[in-house]
Every structure is written in structure tokens, then in C-alpha cells.
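1. Here's a sequence, model it:
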Amino acid sequence: METLTTRGRATRLGATALGLVLLLAGTLWGSDDDFPFGPFRMYATSNPPNAPAPDTRVEGVDSAGVVIDLDQNATGIRRAEIEGQQARYAADPTLLTEVADAYAERHPGAAVLVEVRIVIRWHGIRAGRPTGQHTDETVVSWQAPR
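-> Residues are numbered from 1 along each chain as shown. Down below sits the predicted model:
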């Protein structure tokens, strides 16, 4: 068995110290973008026991008026990507054309989407248990030019 040289030992200690400093700094001042050195808040927090639970979805309306669920299978875009960019979509709803384009690319024979919207379904919660009631809130909507 070989022993580490002084230089090898110093390199390992330095790398360990740097990792610990990054971890501490990320914990104190970091955000989700700094993961794995920052906190991943999705797993570090919880909602109050009587607060409604959000369930975000994207839906489209085609030229025939049919509402279509624009999930990952329909567009190739993960829900987390939509949720993570929701503020951008709210600031510029025309960005939802990317979702419509992704749907059209995967479904070339389908009717054209004339509207894409981000909808949050708020599930009722009482004492930490679902009530079975919900309300839908459209938070961003884009309509195709006519």
C-alpha cells in the first residue's frame, strides 16, 4: 500500500476545504441555481396545512375549439421547465409560441393551436388533507394572431 505524499495530502485537504466553503456559502446565501452547493428548496419547505396546493399544467386550444393537454408527451417540454420559466412567460406571453411550435412539430397532421395557456389548479387542503375541491386559474395566455 502506497502512502500519500505531502503534496498529495495538501491537494486533497485543499479540495475538501474548498468543497466545504462552497457548501457553507451556498447554504447561507445560495439559491436553487447553486445546487448542489445551494439549497434545493423544493424539498426543504412545505406549505401550511390549510393552504391550497398548486398543480400547474399547460393546455392549448385548437382551431376547432378542442382543449388539448400540452404535457411532455405532446410537446417534449417538461412541466418543470414551464414552471421554472413561468415568470418569463407572464412577462412575455408570446414565448408560449415555443410550446405551440413544439406541439405542431410532434403532431404535423393536427389542427393548429390558436391559444396556449398556463393554468394552475389549486387543490383544496384542510388540515393537511385534500378536500376534493379545486379551482383553476389561468395565469398566462397567448392567442395566435388572426
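
2. For this structure, just list every one of the strands.
-> For the chain, the strands defined by DSSP state E cover 53-62, 67-69, 113-126, 129-143.

3. Mind splitting the protein into its structural domains?
-> 6-43, 53-143 (automatic domain parsing).

4. Just name the most buried of those.
-> Mean neighbour count (mean count of other C-beta atoms under 10 Å) peaks for domain 53-143 among these, with a mean of 15. Every residue, glycine included, has its C-beta placed from N, CA and C.

5. Can you give me the end-to-end span of it?
-> Start-to-end span of domain 53-143 (C-alpha to C-alpha, to the nearest Å) is 28 Å.

6. Any idea how far it is from the middle of the chain?
-> In terms of C-alpha atoms, centre = their mean, to the nearest Å, the centre of domain 53-143 is found 12 Å from the chain centre.

7. what mean pLDDT would you report for that domain?
-> Mean pLDDT, taken over the full extent of domain 53-143, equals 94.

8. residues contacting residue 96?
-> Shown in contact with residue 96 (C-beta atoms under 8 Å, 6 or more residues apart in numbering): 89, 116-118, 140-142.

9. repeat that for 7 Å
-> Each residue near residue 96 by C-beta atoms under 7 Å, 6 or more residues apart in numbering is listed here: 89, 116, 140, 142.

10. Please enumerate the helices of the protein.
-> 6-29, 72-75, 79-84, 86-91, 97-106 (DSSP state H).

11. Quick one: those as CSV, columns for distance to residue 126 too.
-> Shown next, in CSV, are the helices of the chain (distance: least, C-beta to C-beta, whole Å):
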stretch, distance to residue 126
helix 6-29, 34
helix 72-75, 31
helix 79-84, 25
helix 86-91, 26
helix 97-106, 34
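
12. Can you check which of those helices gets nearest to residue 61?
-> With respect to residue 61, and counting by C-beta to C-beta, the nearest of these is helix 97-106 at 10.3 Å.
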